[in-house]
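> predicted model, plus sequence, below.
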Amino acid sequence: MTAITIRRALLSVSDKTGIVDLGRALARHGVELVSTGGTAAALRDAGLAVRDISDLTGFPEMMDGRVKTLHPKVHGGLLAVRDDKAHVASMEEHGIGAIDLVVVNLYPFLQTVMKGADRPEIIENIDIGGPSMVRSAAKNHAFVTIVTDPADYDALVAEMDSSGGATMLDLRKRLAARAFAATATYDGMIASWFGFADQGEAFPETLPITLKRGASLRYGENPHQSAAFYTATGPHARGIGQARQVQGKELSYNNYNDADAALELVSEFHDAQPTVVIVKHANPCGVASAATIEQAYAEAFACDTVSAFGGIIALNRALDEATARAISGIFTEVVIAPDADEAALAIFAAKKNLRLLLTGDLPDPARTGLMAKSIAGGWLVQTRDNGAAPDLKVVTKRQPTEAELADCRFAWTVAKHVKSNAIVYAKDGATAGIGAGQMNRLESARIAAWKAKDAADKAGWATPRTIGSAVASDAFFPFADGLLAAVEAGATAVIQPGGSIRDDEVIAAADAAGLAMVFTGMRHFRH
């Protein structure tokens, strides 16, 4: 049977948004309303006739409300197969009435955790009866309609209005799917809290991952691939998914990926001078800090004017008119900033396809969390790379100057966000050349130096910025050849993790060249 007329509804909601309007709509169709606790009070206050759940079951709510719907007269009314003679006979024998509609949303477990409640309060906000009713109703969706989200109230009422108080199977199936997703998400959040927070496990035996689709995308990395964007259902840092898109086309799969890379890197400079990051294909191609955000953009752009075309730009300060005008000089896919002034918005408004994302704040680069990557047959899961270089160890005869040390730290911060093998030259708070994703470190050093020379030629500089620069390597130099390539490019200081069996050889080469070199004791592979 496709159309099921709703004659009795059970309403028990934690989030009471829209529940009174829904109750009125159901009453208009002659539906008997059965309810519990606060939901029943809210409906009665609105002048609606409501039957208490205890009247239906013959038992009072007990144990501080822990036991109220866990009863055969509730679950029998939900699970009975209405066209099965044996089920119908059981209902008649035991005085069980059919329940045609269940409207339930669950105790606010996540909100309770996030407000910093103590353990007893958190445990008390684990809903038992609610998920049981949801699952019973969803399983029997051939005869029962289940609604778990106030956003679905309008669809339910519209269907009843157009079908004489009935619902059709297509709607019930769709709502059942949403109901099982809701209970899976709820149980996943509880399991995560028990594993991570309560038991203190870094990697629980079972890792529940529940995501909610935020957007269906035109395609994936390539047009023949399908794609969607999902957001985490639990606590999460503000990021690209939570940014406000002011203008421009919808974000593509690659836009999301590249914008995330840009935002993660610029967030490293949350408390630094005005800083601009330019990213292309998830790798930074120019990064600079300066006295103004406009100057920082000019310095970052000068590092690689070719790769910046069609790139992603992230700022750690509000976008102003002068910077917006400068950015408008070339084709840019996405601009990300904490905010933007009216003049900047007006300039970008003329660039209809330019996507502008305002984050309000920047994510905390030191935040904890897990990162996951799917592989054939499973997932690789690791903690976020939130490591900052501890006290640096000078390993050469020459100590770095204060300026060299500052450039070392800057280059090291950028290198953390460059695909390995990563080499980054930096001078005066700006990248000079970036070598990314090569199969050996020597080639990355050479490519970065070549890009610096190319940038100098395009800008008309007398020498490339690598002259007198600091160079960062995301992992140790396995041989001296990569370091010697940096020497040839003009670097005077080096920052690297150390830890190679040939460290002595590399240190000797640095001393012979008069370099200052510091070890971090920490590497930043990024694959």
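Yes, it's here.
> do a quick rundown of the helices in the stretch 151-300 of the chain.
Secondary structure of the stretch 151-300 of the chain (DSSP state H, counting those that start in this stretch): helices at 153-162, 169-192, 253-267, 293-303.
> mind checking which helix or strand of the protein has the lowest mean pLDDT?
Ranked by mean pLDDT, DSSP states H and E, the helix or strand of the chain with the weakest confidence is helix 53-57, at a mean of 73.
> of all the helices of the stretch 151-300 of the chain, which lies closest to residue 219?
helix 253-267 (6.8 Å; Cβ to Cβ). The way it works is simple: take the backbone N, C-alpha and C, and place the C-beta from them, glycine included.
> low-confidence ranges in the stretch 151-300 of the chain?
235-236 (pLDDT under 70).
> sorry, back to before: follow the chain on from the least confident helix or strand of the chain and name the next helix or strand.
Next helix or strand after helix 53-57 toward the C-terminus (DSSP states H and E): helix 72-79.
> ok, back up a step: could you export the least confident helix or strand of the chain as CSV, CA atoms only?
These are the backbone C-alpha positions of helix 53-57, laid out as CSV (Å, rounded to 0.1, in the frame of the first residue of the first chain):
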residue,chain,number,x,y,z
ILE,A,53,2.3,8.8,26.4
SER,A,54,1.6,7.3,29.9
ASP,A,55,-2.1,7.2,29.0
LEU,A,56,-1.2,5.2,25.9
THR,A,57,1.1,2.7,27.7
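> for it, packing partners?
strand 32-35, helix 72-79 (3 or more Cβ pairs under 8 Å, 6 or more residues apart in numbering; DSSP states H and E).
> pipe the ones you listed into CSV and attach mean pLDDT, distance to residue 99 and mean neighbour count per row.
What follows is the helices and strands packed on helix 53-57, written out as CSV (pLDDT from 0 to 100; distance: least, Cβ to Cβ, whole Å; neighbours: other Cβ atoms under 10 Å):
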stretch, mean pLDDT, distance to residue 99, mean neighbour count
strand 32-35, 93, 7, 22
helix 72-79, 78, 4, 20
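> so which of the ones you listed gets nearest residue 271?
strand 32-35 (51.8 Å).
> circling back: closest to residue 274 out of the helices and strands packed on helix 53-57?
strand 32-35 (56.7 Å).
> so what does that closest one touch, helix or strand wise?
Strand 32-35 packs on strand 8-13, helix 19-28, strand 51-52, helix 53-57, going by 3+ Cβ pairs under 8 Å, 6+ apart.
> which residues sit against that strand?
With Cβ atoms under 8 Å, 6 or more residues apart in numbering as the test, strand 32-35 has contacts from 7-12, 23, 26-27, 43, 48-53, 56, 99.
> now those residues: which count as buried?
7-12, 23, 26-27, 43, 48, 50, 52-53, 56, 99 (16 or more other Cβ atoms under 10 Å).
> nearest to residue 489, out of the helices and strands packed on helix 53-57?
helix 72-79 (72.7 Å).
> the closest one versus strand 8-13: what angle between them?
Put simply, helix 72-79 runs at 110 degrees to strand 8-13, going by axes from the mean of the first three to the mean of the last three Cα atoms, to 10 degrees.
> got the buried residues for the helix or strand that comes right after helix 72-79?
Using DSSP H and E, the next helix or strand after helix 72-79 towards the C-terminus is helix 85-94. Buried residues in helix 85-94, defined by neighbour count with 16+ other Cβ under 10 Å: residue 91.
> now swap in stretch 92-109 and tell me
Those would be 96, 98-107, 109, for stretch 92-109 by 16+ other Cβ under 10 Å.
> same question for stretch 453-464.
So, applying 16+ other Cβ under 10 Å, buried residues of stretch 453-464: 453, 455-456, 464.
> which member of those is positioned nearest residue 288?
Relative to residue 288, and with distances defined as Cβ to Cβ, the nearest of the buried residues of stretch 453-464 is residue 455, at 12.1 Å.
> assign a three-state SS to that closest one, would you?
helix (DSSP: H, G, I helix; E, B strand; the rest coil).
> distance check, it against residue 276.
16 Å (Cβ to Cβ, to the nearest Å).
> can I get the buried residues of stretch 453-464 in TSV including distance to residue 157?
Conversion of the buried residues of stretch 453-464 to TSV gives the following (distance: Cβ to Cβ, whole Å):
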residue	distance to residue 157
453	68
455	62
456	68
464	68
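> can I get the residues you listed in CSV with distance to residue 483 and pLDDT?
Output for these, formatted as CSV (distance: Cβ to Cβ, whole Å; pLDDT from 0 to 100):
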residue, distance to residue 483, pLDDT
453, 19, 96
455, 22, 95
456, 22, 95
464, 18, 96
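> could you report the neighbour count for residue 188?
18 (other Cβ atoms under 10 Å).
> chain neighbours aside, what residue packs nearest to it?
Nearest residue to residue 188, sequence neighbours excluded (Cβ to Cβ, 6 or more residues apart in numbering): residue 208, at 3.4 Å.
> with residue 156 instead?
Nearest non-adjacent residue to residue 156, counting by Cβ to Cβ, 6+ apart: residue 147, 5.7 Å away.
> phi, psi of that neighbour?
Backbone geometry at residue 147, expressed as degrees, to the nearest 10, gives phi -130, psi 120.
> pretty sure it sits against residue 153.
Yes - contact status for residue 147 versus residue 153: in contact at 6.8 Å, counting by Cβ atoms under 8 Å.
> what lies in contact with stretch 346-356?
245-249, 251, 255, 319, 321, 324-325, 328, 332-335, 337, 340, 345.
> buried residues in it?
Buried residues in stretch 346-356, counted by 16+ other Cβ under 10 Å: 347-348, 351, 354-356.
> hang on, the earlier thing: wait, what's in contact with the residue nearest to residue 188?
Per Cβ under 8 Å, 6+ apart, neighbours of residue 208: 187-189, 191-192.
> quick one: it from residue 198, how far?
Distance from residue 208 to residue 198, counting by Cβ to Cβ: 14 Å.
> picking up where we left off before, which one's more surrounded, residue 147 and residue 153?
residue 147 (26 against 17).
> tell me what the more buried one is bridged to.
residue 103 (DSSP bridges).
> report pLDDT for residue 92.
Model confidence at residue 92, given as pLDDT, is 79.
> now the residue nearest to residue 188: phi and psi?
phi -80, psi 130.
> any idea how far it is from residue 491?
47 Å.
> repeat that for residue 49.
82 Å.
> excluding covalently adjacent residues, which one is nearest to residue 343?
Counting by Cβ to Cβ, 6+ apart, the residue nearest residue 343 is residue 321, at 3.6 Å.
> correct me, but that neighbour touches residue 345?
No - the pair residue 321 and residue 345 does not pass the contact test of Cβ under 8 Å, sitting 9.4 Å apart.
> of the buried residues of stretch 453-464, which is the nearest to residue 437?
Nearest member of the buried residues of stretch 453-464 to residue 437, counting by Cβ to Cβ, is residue 455, at 18.9 Å.
> list the contacts for that closest one?
302-305, 432-433, 461, 464-465.
> so residue 371, which of the three states?
Residue 371 is classified as strand under three-state DSSP.
> name the element residue 518 belongs to?
Judged by DSSP H and E, residue 518 forms part of strand 516-519.
> contact partners of that strand?
For strand 516-519, using Cβ under 8 Å, 6+ apart, the contacting residues are 392-396, 398-401, 404-405, 408, 492-499, 507, 510.
> just the buried ones from the contacts of residue 208?
Looks like the contacts of residue 208 have 187-189, 192 buried, using 16+ other Cβ under 10 Å.
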